[in-house]
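J.: coords please:
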Amino acid sequence: MYSSNLSLPYLLPNQAQKHVTVNDTFRQLDVVVQLAVLSDETTAQPASPEEGARYILPVGVTGDDWSGMHAGSIAAYQDGAWQEYVPKPGWVAWNAQSQSLQVFSNEAWSALEAGVPDTLGMLGINTAASSGARLSVKSDSALFSHDDVTPGTGDMRLQVSRQSALGTASLIFQNAYSGRAEIGLVGDDNFRIRLSEDGASWEDYLVIEPGTFSARLNHFLGLGCAVPENFWTVHQAGAALFQPYGYVGTNGGFGYGLWYNGYRNSSGGWTSLAVNGSNVGVALELHPSGFHVRHEAAPAGLAPAIRLTVSDVGVVPGQDDSLPLGSASARWTQIYAASGTISTSDAREKSFLGGLDAQERRVAQRILAGIGKYRWKAAEQSKGQAARTHVGVTAQEVAAAFAAEGLDAANYGLWCQDDLYAAEGQQGLKLRATGETRQGLRHDELMLFLIGALLG
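T.: The predicted structure is shown next:
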């Protein structure tokens, strides 16, 4: 008597030499249980097989033992001899050569995947799938790689398709199943990056239109730094590109510009970034009223003060009668103009002190006596004898003329003396006094001083 499936012999009552039957049963079980074969393509019977070696026999085998066996059978080398085992439908074997599982069906062995349906209604990996999420995966990571088995093209492309432009094709990133970021096509053909604080209300951060390929940034962007939490956000058009030393964007109203070493905060004031320990705020701003140059040592308002404005009325200072053009340390070489300068001479803004006295007229005579020819030393160094000759008087001679008559030239606007400064630091952000001075004259006042003395 034999078992129904594997045809294993049973022990009979009062059977002699029972161990033979038992050992034969163990031998068959050793072959078919946890079946693993070395190959299903070897046709020549191995000359020196290892004990326990198993093969699926292909068509056309050769050898003293194999030639009498059937294609598809299992040839097992046991106790120094080859044995044939005829498989039954449903047997599964691991093929070490192809690294695949094979199943015996319809009188032949085939790869196990051939029995897997072409389509699945749902698939859950480590979790249950549902009608709303027919493919569900719970895993620390998921890998999609190029096909190097078939092989494929070497590419790997993940495609997300929607029915029409009115639908959605996107990737959503969530916290505990509550959406926080979305990338893709939502309701139209524009590519969007959207953000949400609660998973319900969404706002576009970046929108790219396929027709024009133009990108629209609806909020702030930080390069090399985070946008400060208290950055001014009241104005709807307040998008800005923020960087470690400042930002490019609007600062309120309808102005747009480059803002350095600070920003307008949510309280409507100015927050310094203290670049290199400095509180100076600087900006170049485009505005309907003109182009503004802003600069302030410690801005107290929402932006540094306007120092210069270029508009349809001309180039004007930000505040009346508050800033010089150049300095004793930074002079212009030439000024070209179609007409002369205009200095305010409104009687309503002056306190008249009378004509020149005898002491001042003697000063004028001394100054006239000092008028002579000279050349600039810098011109001589660069041009040599080609340096041009000028006519005039030096500020030192003017000061000496006043001192000779017991007067101080510093009390008169026609004579000037200013401290000299030099830039220091890697970027020249600070000025330091050199301890030196430069003297100068207001020639229009000096000429009137001399004329007044001559006519007096």
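
J.: For the stretch 301-450 of the chain, which segments count as helices?
T.: Using DSSP state H, counting those that start in this stretch, the helices of the stretch 301-450 of the chain run over 358-369, 377-383, 395-404, 443-455.

J.: Any buried residues in the host helix or strand of S110, and which?
T.: Secondary structure from DSSP states H and E places S110 in strand 108-111. For strand 108-111, burial by neighbour count (16 or more other C-beta atoms under 10 Å) applies to W109. Any C-beta I mention is one placed from the backbone N, CA and C, and that applies to glycine too.

J.: Need the residues that contact the helix or strand following it.
T.: Downstream of strand 108-111, the first helix or strand assigned by DSSP H and E is strand 123-125. With C-beta atoms under 8 Å, 6 or more residues apart in numbering as the test, strand 123-125 has contacts from A129, R134, L135, S136, V137, K138, S139.

J.: Give the other helices and strands that the strand holding S110 contacts.
T.: Judged by 3 or more C-beta pairs under 8 Å, 6 or more residues apart in numbering; DSSP states H and E, strand 108-111 is in contact with strand 100-105.

J.: And the strand it packs on, what does it pack against?
T.: The contact analysis (3+ C-beta pairs under 8 Å, 6+ apart) places strand 100-105 against strand 92-95, strand 108-111.

J.: worst average pLDDT in those?
T.: Sorting these by mean pLDDT places strand 108-111 lowest, at a mean of 88.

J.: and that one, which strands flank it?
T.: Here strand 108-111 is paired, per DSSP bridges, with strand 100-105 (antiparallel).

J.: returning to what we had before: now the helices and strands packed on strand 100-105 in CSV, with distance to R180?
T.: Supplementary listing: these in CSV, determined by distance: least, C-beta to C-beta, whole Å:
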stretch, distance to R180
strand 92-95, 45
strand 108-111, 43
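
J.: Now do R192 against L171, distance only.
T.: Using C-beta to C-beta, to the nearest Å, R192 is found at 11 Å from L171.

J.: ok, back up a step: save the contacts of strand 123-125 as CSV, and put in pLDDT too.
T.: Conversion of these to CSV gives the following (pLDDT from 0 to 100):
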residue, pLDDT
A129, 91
R134, 92
L135, 93
S136, 94
V137, 95
K138, 95
S139, 95
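
J.: Those residues: which two are farthest apart?
T.: Farthest apart among these by C-beta to C-beta are R134 and S139. That separation is 16.8 Å.

J.: which one of the two has more residues nearby?
T.: Legend: neighbour count by other C-beta atoms under 10 Å for R134 and S139, higher for R134 (12 against 9).

J.: dump the residue contacts of that one.
T.: Residues near R134 by C-beta under 8 Å, 6+ apart: G121, M122, L123.

J.: The same query, at a cut-off of 7 Å, please.
T.: By C-beta atoms under 7 Å, 6 or more residues apart in numbering, the contact set of R134 is G121, M122.

J.: what do you get for L450?
T.: Residues in contact with L450, defined by C-beta under 7 Å, 6+ apart, are A364, I367, L368.

J.: now do 10 Å
T.: Listed by C-beta atoms under 10 Å, 6 or more residues apart in numbering, the contact set of L450 reads L356, R361, V363, A364, Q365, I367, L368, I371, V393, L414.

J.: Make a ChimeraX selection of the buried ones in those residues.
T.: Typed into ChimeraX, the next command selects the buried ones out of the contacts of L450 (criterion: 16+ other C-beta under 10 Å):
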select :356,361,363,364,367,393,414
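
J.: returning to what we had before: list the contacts of the strand holding S110.
T.: The contact list for strand 108-111 (C-beta under 10 Å, 6+ apart) reads 37, 40, 56-58, 71-72, 74, 87, 91-93, 95, 98, 100-104.

J.: Mark which of those are buried, thanks.
T.: Buried residues within those, counting neighbours by 16+ other C-beta under 10 Å: 37, 40, 56-57, 72, 74, 87, 91, 93, 95, 102-104.

J.: for these, which one is nearest E424?
T.: The closest of those, once distances to E424 are taken by C-beta to C-beta, is N95, at 79.9 Å.

J.: how close does that closest one sit to T62?
T.: To T62, N95 is 21 Å away according to C-beta to C-beta.

J.: and the gap between the closest residue to A129 other than its chain neighbours and S131?
T.: In space, and not counting its chain neighbours, A129 is closest to M122: 3.8 Å by C-beta to C-beta, 6 or more residues apart in numbering. For M122, the distance to S131 (C-beta to C-beta) stands at 8 Å.

J.: Next, count neighbours for the closest residue to H390 other than its chain neighbours.
T.: Distances taken as C-beta to C-beta, 6+ apart place Y374 nearest to H390, at 5.6 Å, with adjacent residues excluded. Neighbours of Y374 under the rule other C-beta under 10 Å: 11.

J.: wait, A305 sits on E296?
T.: Yes: under the criterion of C-beta atoms under 10 Å, A305 makes contact with E296 at 4.5 Å.

J.: Find residues that contact each of the two.
T.: Joint contacts of A305 and E296 (C-beta under 10 Å, 6+ apart) are G281, A283, G318.

J.: Not counting its neighbours along the chain, what's nearest the second one?
T.: In space, and not counting its chain neighbours, A283 is closest to R294: 3.9 Å by C-beta to C-beta, 6+ apart.

J.: for the one you found, phi and psi?
T.: Phi and psi for R294, reported as degrees, to the nearest 10, are phi -110, psi 140.

J.: Quick check: it vs Y247, distance?
T.: Counting by C-beta to C-beta, the gap between R294 and Y247 amounts to 14 Å.

J.: Show me which of these two is the more surrounded one.
T.: Remark: of R294 and Y247, Y247 carries more neighbours, 28 against 23, as counted by other C-beta under 10 Å.

J.: Am I right that the more buried one is in a strand?
T.: Yes: counting by DSSP: H, G, I helix; E, B strand; the rest coil, Y247 is located in a strand.

J.: can I assume it is in contact with L223?
T.: Yes: between Y247 and L223 there is a contact under C-beta under 10 Å: 9.5 Å.

J.: partners of the helix or strand where I172 lies, with directions?
T.: If you go by DSSP H and E, I172 is part of strand 168-175. Partners of strand 168-175 in the sheet, by DSSP bridges, are strand 178-186 (antiparallel).

J.: what's the offset of the strand it pairs with from the middle of its chain?
T.: 20 Å (C-alpha atoms, centre = their mean, to the nearest Å).
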